[in-house]
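Peer 1: How does the following fold in three dimensions:
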Amino acid sequence: MSPVSPRRRWSLPNGTELLRQRPQAVGLRPPVHRSGVSLNSVPLGVVRIIAIIGVLLAAVAGFFAWANSQTRPAYARSTRSDVEEALKEFVSPTSADHDQWDLFLGWPIDDPYLESIRQRCQAFAGHDADPAAKDHVRAILAELRAHT
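Peer 2: As a prediction, the model looks like this:
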């Protein structure tokens with residue numbers, strides 16, 4: 001079999017052959033960017049790479065959205081001892097980082113009393129070196145220990 005060609009051969013009754021172009025729509029042109037470059041001139045390999053990158057970015061965003069949805073319930077179930085540890089970490093002079101403190105401030109807690117403590121501590125976010133902030137948090141920590 002011969003490969004299909006864009007031209008067809010037609011024969012007339014008297015035996016002469018005509019070459020006829022396939023019909024094309026009149027007035028339709030491929031989209032052209034304002035720079036004058038036809039969008040049909042982009043190589044297919046480039047389009048595939050862009051599509052793969054788009055899918056990968058969507059997958060990464062989906063993973064982080066899923067991980068975030070899994071993290072929220074874990075911190076919402078924080079206990080009294082978790083809150084106490086975060087407060088102790090903030091007031092401790094030997095604590096180099098405040099990871100528990102940052103997580104404590106960043107996620108709401110289901111327990112209303114512990115959530116009220118978290119909201120009161122929000123005022124001291126970013127005041128790690130302030131002695132007055134540490135004194136206020138020490139008072140909140142003493143209140144938490146006294147509360148049964």
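Peer 1: Starting from I50, give me the distance back to the closest residue to R77 other than its chain neighbours.
Peer 2: Excluding its sequence neighbours, the residue lying closest to R77 (C-beta to C-beta, 6 or more residues apart in numbering) is D110, at 6.5 Å. C-beta: built from backbone N, CA, C; applies to glycine. Distance, D110 to I50, by C-beta to C-beta, to the nearest Å: 44 Å.
Peer 1: Likewise for L105?
Peer 2: In terms of C-beta to C-beta, L105 sits 40 Å off from I50.
Peer 1: who has more neighbours, the two?
Peer 2: Legend: neighbour count by other C-beta atoms under 10 Å for L105 and I50, higher for L105 (17 against 11).
Peer 1: Name the SS class of that one, please.
Peer 2: helix (DSSP: H, G, I helix; E, B strand; the rest coil).
Peer 1: Please tell me I have it right and it contacts Q119.
Peer 2: No: counting by C-beta atoms under 8 Å, L105 does not reach Q119; the two are 9.5 Å apart.
Peer 1: and the nearest residue to D130 once chain neighbours are set aside, what is it in contact with?
Peer 2: The shortest distance from D130 to any non-neighbouring residue, by C-beta to C-beta, 6+ apart, is to F124 (7.6 Å). Neighbouring residues of F124 by C-beta atoms under 8 Å, 6 or more residues apart in numbering: F90, D130, A133, H136, V137.
Peer 1: What segments of this structure are helices?
Peer 2: All helices of the chain, identified by DSSP state H, fall at 44-76, 80-91, 99-106, 112-121, 131-146.
Peer 1: Tabulate those helices (CSV), appending mean pLDDT.
Peer 2: Putting the helices of the chain into CSV (pLDDT from 0 to 100) gives the following:
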stretch, mean pLDDT
helix 44-76, 87
helix 80-91, 90
helix 99-106, 86
helix 112-121, 92
helix 131-146, 92
